[in-house]
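*Asks:* Could you look at this predicted model? Sequence included:
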Amino acid sequence: MEDEPKKTNLLSLIIIVASIVGTMAFLGYLSIRFLPSNGTTVYANASQTPPKPDFSTERPQAGWSDDTGAPGHQPVKTKYVLHKDIQKQIGRSLVTYRGKGHGEKIKIDVVVLDLDPDFTYKNTIDISRAKQSFRAGDERFELISAGSLRLRVWHHP
C-alpha cells in the first residue's frame, strides 16, 4: 500500500520535469526562429563565407613621408574642403578660406587655439608654392585646388 503513493509522487515529478524541459525547448526554438539575430551568421559550407578584409593592401596616402624618415612609418594625410568665409577646425587651429587674392594667390585666416584664440593670423600664399606645401599656424597643408568659393587641401598632421 505504501508503494503506491511513492510511484504516484515519482510519476508526477517526472511529468513536471518533462513539461518544464519541453516548454524551455519550445521557447528556445521560437526565439531562434523568430527573434532577430545578434549579427552572427552561420554558413552551411565554407564556400558561402564572405571574404575577410585584407588590411595589408591599405596604405597611407602616397607621396610623402614623415620628418623622421623612419621606413614604414607614414602618417596619414587628411583631405579638407574649406568653403569661403566658413571657419573650420583643423588640428589645433581654426582655418578660414577668404578666397583668391590678386594674381595667383590664396587668402587664409588662421586662429591658433593653443597660442591665442582671440587673434587671427592673415596669410596670403602663392598658389604655385601652396601646391608643394605650406604652413598656416601650427598646421602643414598641401594645396589640391583653389576656386573662388572653395579650397581643397591635404592636411599633414
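*Replies:* Yes, it's here. From a predicted model like this one, the values you see are computed outputs, not experimental measurements. Residues are numbered from 1 along each chain as shown.
*Asks:* Kindly list the longest helix within this structure.
*Replies:* Longest helix in the chain, counting residues (DSSP state H): helix 3-34.
*Asks:* Show me what the helix or strand following it pairs with in its sheet, parallel or antiparallel.
*Replies:* For helix 3-34, the succeeding helix or strand toward the C-terminus, using DSSP states H and E, is strand 78-83. Next to strand 78-83 in the sheet, as set by DSSP bridges, lie strand 150-156 (antiparallel).
*Asks:* mind saving the C-alpha coords of the strand it pairs with as CSV?
*Replies:* C-alpha atoms of strand 150-156 as CSV (Å, rounded to 0.1, in the frame of the first residue of the first chain):
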residue,chain,number,x,y,z
ARG,A,150,36.2,76.5,-52.2
LEU,A,151,39.7,75.5,-51.3
ARG,A,152,40.7,71.8,-51.2
VAL,A,153,43.8,70.9,-49.2
TRP,A,154,45.6,67.9,-47.7
HIS,A,155,46.4,68.3,-44.0
HIS,A,156,49.6,66.7,-42.9
